[in-house]
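S.K.: Have a look; sequence and predicted model below, questions after that.
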Amino acid sequence: MQSGFRDQMLPLLPQLKGETPRSNLARNVSLFAADWYQSFVRWLDDESSPLPGEIKNSELQSKLQNKENLEEHIDFEVLDKNIAETVFNFFHGGPQILRPMLADPKTQIGTVIIYPIKLSFIFDKDSFVSTVHPSWALEDIKKTIGAKHKFDPSTATFLSDSTNVVIPDDTTAQKIIELFGPKIQISLPGSLKMNPTQHGKTSSIGSVGSIPATLRMSTIAEGSIFSAFLQCLCRIPAFKEAVNQITIPATPNETNDTPQIAFVRYFREICQNPTAQFPTESSPISNAFNTAIYMRTDEINTIRHFELPGLLSIVFREINCGVDLFKFKEQRTELCPKCKYFNQFEVELTSMMVEITTKLFRKTKIEDCIAQYFSLRKRAKTNRWECPQCKKKVLVREQNKSLSTPNILVIYIHRFVKGSSHDFNILPDEVIYGPTLNLEPFTGNKADKYKLIGSIAHVGRTFTQRYKGFILEEDGKKWTMYNDNRSRPATARSVYFEEPLAMVYVRK
């Protein structure tokens, strides 16, 4: 195994030693402590040199958190993300520190962004220099900066440099200075889709594309839909009890740093310090959870972060903690419309994904979506099925039948659909729901009555993982509104917004 890894790395040795330039700008990078990296390159260059041991980035991460002045080749070294993943898989350790590499606006040379980019807004009429026009909206400023640095502008968050408050995209430059002052910082995720050179200044979903599949779990805890979902779980006594039954070591190491332990530490941190966001850049515990999950599986490559069902099935499998509270079984039936041949099989799920159905003379209710979920329906036109009996390719009819229901029910509304140009568009259709849900008409079980404890919506375009959520506190009376930068008490009437992405229910 050791020789195979060296054989894989040796062709890259000139680049690793800095003898050849980095490849291109459309790339994310990973930082390594300089002393570990140098011992790693020595071992590659000379097989008789000792193995460098597990990756030790904790001191480097601490320096980054303290905003210390750091220099490449002295404090840290840089590896392209795809190479870094191979190195982490072999040596383990960590934590992994991801950073975007952007184009310098003047030289177009690749520049690693260690700390947030900072801007100064100047439009004083008595000044010889102006950086913005008073009427410019932040969205236009984002596009200009994104075009210069070759990144997709909708992945960026602009914050007040003094208060870290997120500034809305429709705010004008003049209003920004009045409310937040002239100094602004740009926060970018550690791993992001770069804006290709040929797309110029465009920032539309169709021309740039959605978040790429290679965006892994590294930012799952950073203002994502999954972060809002964890806020719901923190309010469920049964799930908290399942987590608290797991004994974890005081200090994880190479032999015991499993996804389950990383998740338990992360979940307990949220329970102790409830907040709207746990950025991976400032929380070593959330960083450890991200790294532990994505180092164990490649399946996350096929899932975008707003696709909660796929995300949950992988995370629950990896952490093996409280999953029985979410599990339920269904019987699936596939029917050939030509010869009436049918195939039946059972599936086990942790969430229910429903489609939005439309009504002519009233708004759609969540019960309408669930009724469609359990009805006999055609499969998509692009997905034809060859009948084993009549051998014809047909649009198969499918139907779900409930065999069991969970104690914690997660319903995900399918709002993101792929367009003709391979981009993802959001369906803005309204869906009405209330504080309770009765599944008896669909399952035939009188005990299938549920109480709403959380509702989550996606805010913005498919690039961003910003969310808005309402979560019922453990007292069963007070609601709290969360988004990616703050939380506040909410009235019961404000909870049921009409474009939900996911709802979390507990059995009554």
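M.R.: Great, that's in hand.
S.K.: does residue 429 really touch residue 358, like I thought?
M.R.: Yes. Here residue 429 reaches residue 358: they are 6.9 Å apart, a contact under C-beta atoms under 8 Å. Bear in mind the C-beta positions are built from the backbone N, C-alpha and C, glycine included.
S.K.: Now for the nearest residue to residue 397 once chain neighbours are set aside, how many residues are close by?
M.R.: In space, and not counting its chain neighbours, residue 397 is closest to residue 335: 4.2 Å by C-beta to C-beta, 6 or more residues apart in numbering. Neighbours of residue 335 under the rule other C-beta atoms under 10 Å: 19.
S.K.: Residue 335 bridge partners, please.
M.R.: residue 342, residue 397 (DSSP bridges).
S.K.: could you list every residue that touches it?
M.R.: 341-342, 376, 396-399 (C-beta atoms under 8 Å, 6 or more residues apart in numbering).
S.K.: neighbour count winner among residue 429 and residue 358?
M.R.: Neighbour count, other C-beta under 10 Å: between residue 429 and residue 358, residue 429 has more, with 14 against 8.
S.K.: got a pLDDT number for that one?
M.R.: We have a pLDDT of 84 for residue 429.
S.K.: Apart from its chain neighbours, what residue comes closest to it?
M.R.: Closest residue to residue 429 apart from its sequence neighbours, by C-beta to C-beta, 6+ apart: residue 356 at 4.8 Å.
S.K.: Then residue 474?
M.R.: residue 235 (5.2 Å).
S.K.: list the contacts for that neighbour?
M.R.: 453-454, 471-474.
S.K.: Which among these count as buried?
M.R.: 453-454, 471-472 (16 or more other C-beta atoms under 10 Å).
S.K.: from the residues you listed, which single one is nearest residue 483?
M.R.: Set against residue 483, the nearest of the buried ones among the contacts of residue 235 by C-beta to C-beta is residue 471 (11.6 Å).
S.K.: can you map out the strands along the stretch 301-450 of the chain?
M.R.: With DSSP state E, counting those that start in this stretch as the criterion, the stretch 301-450 of the chain has strands at 328-335, 342-349, 352-354, 364-365, 377-378, 385-386, 393-394, 397-402, 408-413, 416-418, 424-426, 431-432, 436-438, 449-458.
S.K.: lowest average confidence, helix or strand, in this protein?
M.R.: Counting by mean pLDDT, DSSP states H and E, the chain has its least confident helix or strand at helix 205-208, which shows a mean of 26.
S.K.: Next SSE downstream of that one?
M.R.: Next helix or strand after helix 205-208 toward the C-terminus (DSSP states H and E): helix 225-233.
S.K.: I'd like the average pLDDT over that next one.
M.R.: 79.
S.K.: in what helix or strand does residue 100 lie?
M.R.: Going by DSSP H and E, residue 100 is in strand 97-103.
S.K.: what pLDDT, on average, does that strand get?
M.R.: Rounded mean pLDDT across strand 97-103 is 77.
S.K.: how's this structure carved up into domains?
M.R.: What automatic domain parsing lists as the domains of the chain is 1-105, 116-203, 216-508.
S.K.: what stretches of the stretch 251-400 of the chain score poorly on pLDDT?
M.R.: Counting by pLDDT under 70, the stretch 251-400 of the chain contains low-confidence residues at 252-257, 273-306, 381-383.
S.K.: about what we covered before: which of the strands of the stretch 301-450 of the chain is buried the deepest?
M.R.: Highest mean neighbour count among the strands of the stretch 301-450 of the chain (mean count of other C-beta atoms under 10 Å): strand 408-413, with a mean of 24.
S.K.: Now for residue 473: which residues touch it?
M.R.: Neighbour list for residue 473: 235, 479-480 [criterion: C-beta under 8 Å, 6+ apart].
S.K.: Model confidence for it, exactly?
M.R.: pLDDT, read off for residue 473, is 87.
S.K.: likewise the one 5 residues further on?
M.R.: According to the predicted model, the pLDDT of residue 478 comes to 89.
S.K.: Could you double-check that it sits in contact with residue 472?
M.R.: Yes. In this structure, residue 478 is within contact of residue 472 by C-beta under 8 Å, at 7.5 Å.
S.K.: Now residue 79. Nearest residue, chain neighbours left out?
M.R.: Among residues not flanking residue 79 along the chain, residue 30 sits closest, at 5.3 Å (C-beta to C-beta, 6+ apart).
S.K.: Surely that neighbour is in a strand?
M.R.: Yes. Per DSSP: H, G, I helix; E, B strand; the rest coil, residue 30 lies within a strand segment.
S.K.: My guess is it contacts residue 96. True?
M.R.: Yes. At 5.9 Å, residue 30 and residue 96 qualify as touching, with contact defined as C-beta under 8 Å.
S.K.: Give the intersection of the neighbour lists for these two.
M.R.: What both residue 30 and residue 96 touch, as defined by C-beta under 8 Å, 6+ apart, is the set 84, 88.
S.K.: ok so, going back, give me the common contacts of residue 429 and residue 358.
M.R.: Common neighbours of residue 429 and residue 358 (criterion: C-beta under 8 Å, 6+ apart): residue 364.
S.K.: quick one, phi psi at the residue nearest to residue 429?
M.R.: Taking degrees, to the nearest 10, you get phi -80, psi 120 for the backbone angles of residue 356.
S.K.: check contacts around it.
M.R.: Residue 356 touches 364, 369, 413-415, 427, 429, 431, counting by C-beta under 8 Å, 6+ apart.
S.K.: could you list every residue that touches residue 400?
M.R.: Counting by C-beta under 8 Å, 6+ apart, the residues that residue 400 touches are 330-333, 373-374.
S.K.: Could you tell me the per-residue confidence at the closest residue to residue 447 other than its chain neighbours?
M.R.: Nearest residue to residue 447, sequence neighbours excluded (C-beta to C-beta, 6+ apart): residue 507, at 7.5 Å. As predicted, residue 507 sits at a pLDDT of 95.
S.K.: do the same with residue 209
M.R.: Residue 209 is assigned 28 on the pLDDT scale.
S.K.: which secondary structure elements does the strand holding residue 100 contact?
M.R.: Judged by 3 or more C-beta pairs under 8 Å, 6 or more residues apart in numbering; DSSP states H and E, the packing partners of strand 97-103 are strand 27-33, helix 58-65, strand 110-112, helix 138-149.
S.K.: hey, C-alpha coordinates of that strand in CSV?
M.R.: C-alpha atoms of strand 97-103 as CSV (Å, rounded to 0.1, in the frame of the first residue of the first chain):
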residue,chain,number,x,y,z
ILE,A,97,-8.1,23.4,6.0
LEU,A,98,-9.7,24.3,2.7
ARG,A,99,-9.2,27.7,0.9
PRO,A,100,-10.2,29.0,-2.5
MET,A,101,-7.5,30.1,-5.0
LEU,A,102,-8.6,33.2,-6.9
ALA,A,103,-7.1,35.2,-9.7
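S.K.: about what we covered before: in TSV: the contacts of residue 400, plus distance to residue 111.
M.R.: Conversion of these to TSV gives the following (distance: C-beta to C-beta, whole Å):
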residue	distance to residue 111
330	51
331	56
332	51
333	56
373	49
374	54
